[in-house]
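[1] Structure of the sequence below:
(chains A and B, ligands or ions: 2)
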Amino acid sequence: MAEPMLKPPKIAISPITWVRQNLFSGWYNTLLTLVVGYLLVVGVGPVFSWLFFDATFLGSEPSDCTGTGACWLFISERLNFFIYGFYPDDLQWRVDVMFGLLALSFVPQFIERFPGRKWFGLFGLTGLPVVGYFLVPGGNFGLEVVESSKWGGLMLTLILAYIGILASLPIGIVLALGRRSEMPIIRGICVVFIEVWRAVPLITVLFMASVMLPLFLPDGMNFEKLMRALIGITLWQSAYMAEVIRGGLQAIPRGQYEAADALGLGYWKKTGLIILPQALKMVIPGIVNTFISLFKDTTLVLIIGLFDILGTVQSTITDPAWQNVAIEGYVFVAFCFWVFCFGISRYSQNLERKLDTGHRT
Amino acid sequence: MGITMTEQTRTTDSLNPVPSQKDDSAAIIRVEGMNKWYGDFHVLRNLNLNVRHGERIVICGPSGSGKSTFIRCINRLEEHQQGKIIVDNIELTDDIRHIDTVRREVGMVFQHFNLFPHLTVLENCCLSPIWVRKLPRKEAEATAMEYLERVRIPEQASKFPGQLSGGQQQRVAIARALCMKPKIMLFDEPTSALDPEMIKEVLDVMIELAGSGMTMICVTHEMGFAKTVADRVIFMDGGEIVEEAPPHEFFTNPQEPRTRKFLEQILQH
Ligand SMILES: Nc1ncnc2c1ncn2[C@@H]1O[C@H](COP(=O)(O)OP(=O)(O)OP(=O)(O)O)[C@@H](O)[C@H]1O
Ligand SMILES: [Mg+2]
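    Numbers count the residues shown, from 1 in each chain, chains lettered A, B, ... in the order given. Ligands and ions are numbered 1, 2, ... in the order given. You can find the predicted model right below:
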């Protein structure tokens, strides 16, 4: 062992070699590269022109949009509405603080060497909702009340998705564990809960939450519409989450349970320290997938009269002052959703790589 | 030490159990008339066994004879339906507190290691001392390093199990069990999932452990190990204890035809 260890050989490939090896290896691939290249130029070129080169970025009036491309003035002029809904202008700093905290919690998660990023993330999962609970609706600490009917736009989308995601994960875990419980009553309750909620479309859940729930509640007890939608979304999402997590639980080999038992770990320690960490890690892709679906499904709140980002854009494109801005509006909405969903997806890939311990079964 | 068998205990008459030792109070494990069924299938038939402090027992027998099931009953990974199992003066019943107490005193090593893949070697070893024995982390880690040194892999402490060879993993598994400072160690075919060149490193660790006076029950087909280490060899077949004897008698002069047949088969290899 005295001799120095050999370093693995470095394989350096110049860009030209790469292109030759990957794009032009043989007549077949060369032809394919040329055809695809042509299609890209023909197809993507006009899209780029419309998005950027022929688009109007400067000005403030609909009449300033003279080019043949997109009229981004529509977005920039109405941006305030798309982000805050009807939230009063002079109180919007409260929402801005929340956006800032959200960024502060999660942007560091993408920076490998960020000091103490774990604590920022932890704040995002625990402190952030608490701060938001007091700051956004107001009513305490001398903050003026802003009714939830005035919330809207991106802010509402984020609130729905964030709370839906945050609350459905622990509820889903409990349901998944319950479904595998040895106690028949607990197992029965969990099975019924999961199967009922999972079998109902989200639209139905939202209708029920906004129309039927008030009928069942005792007099004097009435949640706001937003709260009811949130409860509906969370429970519906939990049922999905439970099944994803159950998949992970079932994939844990029996030996892990036995080893934990043999070491004297009780049910909760065994579950919390051995089983869940492995099961959750295994189903990260599935969990993220449900997160992303939920994020997009929040747009359905439109039908019960809540104005999320899609709702605000939708209601503005019919504004007679602006002509033919529907495409710009929808592109903007799509872009906003893409940014967040892509972010979630990238983060989960980071996480999977970080949690990889070289174990193959 | 501990070979105080009389002639009559050499073969156990399963209908009329004879206590193996005169001095029962010294027994750390007592199994009396134990029966177990899987559904209608009678896996364990009227087992009787007394194991004294520091005694090393090797159990062998053909596949499916119930060896694993038997030792898994001793720390209640499987429950028995009839008879008594008393470990360290605690009878194993449905009472979960008794089960937990027994499990704290009984370490187990599995055929397929069953290390926790999401934890490092050191964390694997510290987990139970910290969460079950409530030791401070520092102390648990110091103990863990001590045992990792005894199984000769202290340098792997910060690796994950998936990065180790089979032999190394099994030694970690032994260290993990020892970190709970158990009074009894159970081994269920600890070397049968290993490549031949790794078997020795694991057996060496087990031989050393036997030398330290640990009470051990070991299911294995490593007859060399049985000869050097065991105080008694037990032969099981069809869910019964067919024969028990000190190793040299067991190997040179087996009484039961079934034992003889089994020994012929495995010694051919
Ligand atoms: N969970 C179970 N349900 C039903 N039957 C089982 C179960 N586990 C084991 N058995 C049966 O019980 C018998 C004894 O099994 P056991 O695993 O104890 O055998 P073994 O002596 O350890 O064999 P091997 O040398 O192959 O490990 C076998 O016939 C097996 O098929
Ligand atoms: Mg076995």
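[2] residues in the stretch 51-200 of chain B within reach of chain A, list them.
    Applying the criterion Cβ under 8 Å from any Cβ of the partner chain, the portion of the stretch 51-200 of chain B that neighbours chain A consists of B:75, B:77, B:96, B:100, B:103-104, B:106-108, B:110, B:112, B:114-118, B:127-128, B:131-132, B:160-163, B:176-177, B:180. For every residue, glycine as well, the C-beta is placed using N, CA and C.
[3] hmm, try it at 6 Å
    Among all residues of the stretch 51-200 of chain B, those adjacent to chain A (criterion: Cβ under 6 Å from any Cβ of the partner chain) are B:75, B:77, B:100, B:103-104, B:108, B:112, B:114, B:116-118, B:128, B:131-132, B:160, B:162-163.
[4] Could you pick out the buried ones from those?
    For these, a burial check counting by 16 or more other Cβ atoms under 10 Å in any protein chain shown picks out B:75, B:77, B:103-104, B:108, B:112, B:114, B:116-118, B:128, B:131-132, B:160.
[5] average pLDDT for the helix or strand containing B:Phe251?
    Assigning secondary structure by DSSP states H and E places B:Phe251 in helix B:247-252. Helix B:247-252 shows a mean pLDDT of 91.
[6] Return the distance of that helix from the chain's centre.
    Distance of helix B:247-252 from its chain centroid, counting by Cα atoms, centre = their mean, to the nearest Å, is 20 Å.
[7] Give me the buried positions along that helix.
    In helix B:247-252, counting by 16+ other Cβ under 10 Å, buried: B:247, B:249-251.
[8] Near ligand 1, list only the ones from these.
    Contacts with ligand 1 are made by none of those, judged by Cβ under 6 Å from any ligand atom.
[9] Which one of those residues is nearest to chain A?
    Ranked by distance to chain A (Cβ to the nearest Cβ), the buried residues of helix B:247-252 are led by B:Pro247 at 27.1 Å.
[10] one step back: can you tell me which of the buried ones among the residues of the stretch 51-200 of chain B next to chain A are in helices?
    Here DSSP state H is the test, and those give B:103-104, B:128, B:131 as lying in helices.
[11] Close to ligand 1: what parts of the stretch 1-150 of chain B are there?
    With Cβ under 6 Å from any ligand atom as the criterion, the stretch 1-150 of chain B comes near ligand 1 at residues B:38, B:41, B:43, B:61, B:63-69.
[12] no, scratch that, I was asking about chain A
    Near ligand 1, when you scan chain A using Cβ under 6 Å from any ligand atom, you find nothing.
[13] so which residue of chain A comes closest to ligand 1?
    Each residue of chain A has a distance to ligand 1, by Cβ to the nearest ligand atom, and the smallest belongs to A:Arg254, at 9.7 Å.
[14] now do the stretch 151-269 of chain B
    Distance from ligand 1 to each residue of the stretch 151-269 of chain B (Cβ to the nearest ligand atom) is smallest for B:Glu189, at 6.1 Å.
[15] thought that residue was touching B:Phe113?
    No. Applying Cβ atoms under 6 Å, one finds B:Glu189 not in contact with B:Phe113, separated by 11.4 Å.
[16] any common contacting residues for these two?
    Common neighbours of B:Glu189 and B:Phe113, counting by Cβ atoms under 6 Å, 6 or more residues apart in numbering or on different chains, are absent.
[17] Return the residues in contact with the residue lying closest to B:Gly66 once chain neighbours are set aside.
    Beyond its immediate neighbours in the sequence, the residue positioned closest to B:Gly66 (Cβ to Cβ, 6 or more residues apart in numbering or on different chains) is B:Gly239, lying 4.4 Å away. For B:Gly239, the residues meeting the contact criterion (Cβ under 6 Å, 6+ apart) are B:43-45, B:66.
[18] at 7 Å instead, please
    The neighbourhood of B:Gly239, defined by Cβ atoms under 7 Å, 6 or more residues apart in numbering or on different chains, consists of B:42-45, B:65-66.
[19] Please report phi then psi for it.
    Dihedral angles phi and psi of B:Gly239 (degrees, to the nearest 10) take the values phi 80, psi 10.
[20] Equivalent analysis for B:Arg45, please.
    Phi and psi for B:Arg45, reported as degrees, to the nearest 10, are phi -120, psi 110.
[21] hmm, stretch A:181-192 touching chain B?
    No. Judged by Cβ under 7 Å from any Cβ of the partner chain, stretch A:181-192 and chain B are separated, with a smallest distance of 12.3 Å.
[22] Nothing else from me, thank you.
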